[in-house]
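Student: dropping the sequence and predicted coords here.
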Amino acid sequence: MCPALLMASFRTVKGFRDFFPEECALRNYIFDTWRSVARRYGFVEYEAPVVESTDLYRKKSGDEITAQLFCFQDKAEREISLRPEVTPSLARMATTRHRDYKKPIKWFQIGSCFRYEEPQEGRTREFIQFNADILGDASQGTDAELVALAIDVMLAFGISKEDFVIRLSNRQIWTDFLKDKGIAEEHGSAFLQIIDKIERAKPEETAQKLTAIGLTLDEVRSFMTSTDGDHPAFAALRADLTARGLWPYVKIDASIVRGLAYYTGTVFEVFDLKHGLRAVAGGGRYDKLCALMSDGHVDMPAAGFAMGDVVLGILLSKTPGAQMGITEYLNAQQGVDAYVVIADEAQRGHALAAVQALRSANVRVDFSFGSQKVGKQFQAAENQKARLAIVFGGEYPQVTIKNLVSRSQELIAIEDLVSTVKTELAKPITGHLIA
C-alpha cells in the first residue's frame with residue numbers, strides 16, 4: 001500500500017483530540033488563566049498519576065463506575081484505569097501525608113481525564129480539568145472561597161455577569177425535607193437521583209418515582225419554589241459572598257444536588273446564560289470522602305470543584321467579551337520579537353552569533369536557515385509578526401534595526417545590538433504591524 005494512503009487511513013481515536021499549534025495556544029491560554037487565578041487565591045499546584053488502580057474508583061463510586069472507565073489489565077495482570085477524575089487520587093494523596101501539611105490544604109491541579117462516554121457537544125472521551133480543592137476546614141468559609149474562585153475564573157476569561165450564573169444548593173436541605181416527611185434514610189440516594197434529573201425527565205415519570213418512595217411531585221416542586229437565599233442553610237455563605245460583592249452571581253436552585261453520592265453539603269454548578277450549554281463547572285462539599293478512601297483512618301472535611309476545557313472552550317468561542325483577552329494572549333505568544341535578515345551571506349556567522357546572544361537575553365528571534373532573497377526574509381518577518389527586523393549586510397560591524405510597526409530604522413554598532421533591541425521592545429507599540 002502507498003505510504004501516503006496508509007497514513008491517510010489513521011484518525012484520532014473517537015472522542016480524543018489533536019491540538020495543532022493554534023488549538024494548543026488556546027489551551028495554554030486556558031491553563032495560564034486557571035493557574036493565575038488559583039495562585040491569587042493562595043492555592044498551590046499538585047499532580048496525580050494518570051493511571052490508578054481501578055479499585056480506587058470503585059471505592060469512591062461503586063462497581064457501576066467501570067462502565068465509564070478506560071480500564072484494562074497491565075502485564076502483571078493488575079486491573080488499572082485511566083483516571084476519569086482526580087478527586088479519588090487527591091483523597092489518597094492527602095490522607096497519606098495529611099500530617100505534613102498545615103490546614104486548610106488549598107491545592108489545584110490541571111490535567112487530562114478520560115471517560116468512556118458517547119461524545120457529543122461539550123463532551124469528549126479525553127478532556128482537561130481544572131480542579132480546586134480545600135481540605136481540613138468544615139466551615140462555609142471554605143465553600144464561599146471556592147464559589148468566589150469559580151466566579152473570578154469566569155471573569156478572568158472575560159465572561160461577564162450577564163453571561164453566567166452560579167446555581168447553588170445544599171444537600172442538607174433535602175435531608176431535612178425527607179426527615180420532615182418521614183421518608184426512610186434508605187430512600188435518600190434514590191431521591192437525590194430523582195431531583196438531579198427533575199428538570200430533564202418527563203413529569204409523569206418523576207411523579208411515578210416519587211410516589212414509590214411516598215412523595216408527590218407537587219410537594220417537591222412546592223419546596224423547591226419556596227427555597228431561596230433566605231433559607232438558613234445559606235446564611236453564612238450568603239453573608240460571606242455578600243461581603244465580597246459576589247452574591248449577585250449566585251442563584252439558589254434546589255434542583256442542583258450533583259449526581260455523585262459523595263457530596264454532603266453545599267453543591268453548585270456554573271452555567272452560561274445565553275447558549276444552553278452543559279455545566280461549565282461543578283462541585284461542592286464532600287466531608288466523608290477522605291474517611292472512606294482511608295478506611296476511616298483520616299477523617300478530614302473537604303470541598304472542591306472542577307472546570308473542564310471542552311464546554312469552557314465552546315463558551316469562550318461564543319462570548320464576544322472573551323475574545324479580546326484570547327487575541328491579546330495569542331498575539332503575545334505567537335510569532336517572534338525580532339527577525340534577523342541576512343542580506344549578505346558572508347555575514348551569516350556574525351548573524352548566528354547575534355541570534356544566540358539575543359535569545360540568551362530572552363528575546364524571541366528567528367531567521368532563515370538557508371540563503372534567501374532579502375524580500376522573502378522580510379516577508380517571513382511579517383508572517384511571524386516580528387516587531388523588529390535586524391539586517392546583517394555589507395555595513396557590518398554595523399547592523400540596521402528596522403521597526404516594522406513605526407517603519408523607522410537606525411544603524412547601530414553590533415556591540416549595542418542587544419541593549420538597543422531590548423530598549424525598542426520595551427517601548428509601547430504605536431502604529432500598525434505590517435502583518
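Tutor: Ah, there it is. Numbering: from 1, shown residues only.

Student: so which bits of the strand or helix carrying residue 80 are buried?
Tutor: Using DSSP states H and E, residue 80 falls within strand 79-82. For strand 79-82, burial by neighbour count (16 or more other Cβ atoms under 10 Å) applies to 80, 81, 82. (Glycine included, C-beta is placed from N, CA and C.)

Student: with stretch 359-377 instead?
Tutor: By 16+ other Cβ under 10 Å, the buried positions in stretch 359-377 come out as 363, 364, 365, 366, 367, 368, 372, 377.

Student: of the residues you listed, closest to residue 204?
Tutor: residue 364 (63.1 Å; Cβ to Cβ).

Student: look up phi and psi at the spatially closest residue to residue 298 that is not a sequence neighbour.
Tutor: Counting by Cβ to Cβ, 6 or more residues apart in numbering, residue 298 lies nearest to residue 95, which is 4.0 Å off, once chain neighbours are set aside. Reported as degrees, to the nearest 10, the phi and psi values for residue 95 are phi -70, psi -30.

Student: equivalent analysis for the one 10 residues further on, please.
Tutor: Here is the backbone geometry of residue 105 (degrees, to the nearest 10): phi -90, psi 120.

Student: so how many other residues sit close to the residue nearest to it when sequence neighbours are not counted?
Tutor: In space, and not counting its chain neighbours, residue 105 is closest to residue 135: 4.3 Å by Cβ to Cβ, 6+ apart. Neighbours of residue 135 under the rule other Cβ atoms under 10 Å: 26.

Student: so residue 135 sits against residue 301, correct?
Tutor: Yes: judged on Cβ atoms under 8 Å, residue 135 makes contact with residue 301 at a distance of 7.2 Å.

Student: common neighbours of the two, please.
Tutor: Counting by Cβ atoms under 8 Å, 6 or more residues apart in numbering, the common neighbours of residue 135 and residue 301 are residue 290.

Student: report pLDDT for residue 390.
Tutor: On pLDDT, residue 390 comes in at 97.

Student: low-confidence regions, the protein specifically.
Tutor: Applying pLDDT under 70 to the chain flags the ranges 1-8, 259-260, 430-435.

Student: you'd agree the residue nearest to residue 298 is up against residue 290?
Tutor: Yes: counting by Cβ under 8 Å, residue 95 does reach residue 290; the two are 5.1 Å apart.

Student: identify the contacts common to the two.
Tutor: Shared contacts of residue 95 and residue 290, defined by Cβ under 8 Å, 6+ apart, are found at 298, 300.

Student: tell me the SS of the residue nearest the centre of the chain?
Tutor: In the chain, the C-alpha nearest the mean C-alpha coordinate belongs to residue 130, at 4.0 Å (Cα atoms, centre = their mean). Of the three states, residue 130 takes strand under DSSP: H, G, I helix; E, B strand; the rest coil.

Student: may I have the beta-bridge partners of it?
Tutor: Taking DSSP bridges as the rule, residue 130 bridges to residue 110, residue 307.

Student: for residue 269, same thing?
Tutor: According to DSSP bridges, beta-bridge pairing links residue 269 with residue 167, residue 282.

Student: number of residues surrounding it?
Tutor: 22.

Student: name all residues that make contact with it.
Tutor: 166, 167, 256, 258, 279, 281, 282.

Student: let's go with 6 Å and repeat that
Tutor: Residue 269 sits next to 167, 256, 279, 282 when contact means Cβ atoms under 6 Å, 6 or more residues apart in numbering.
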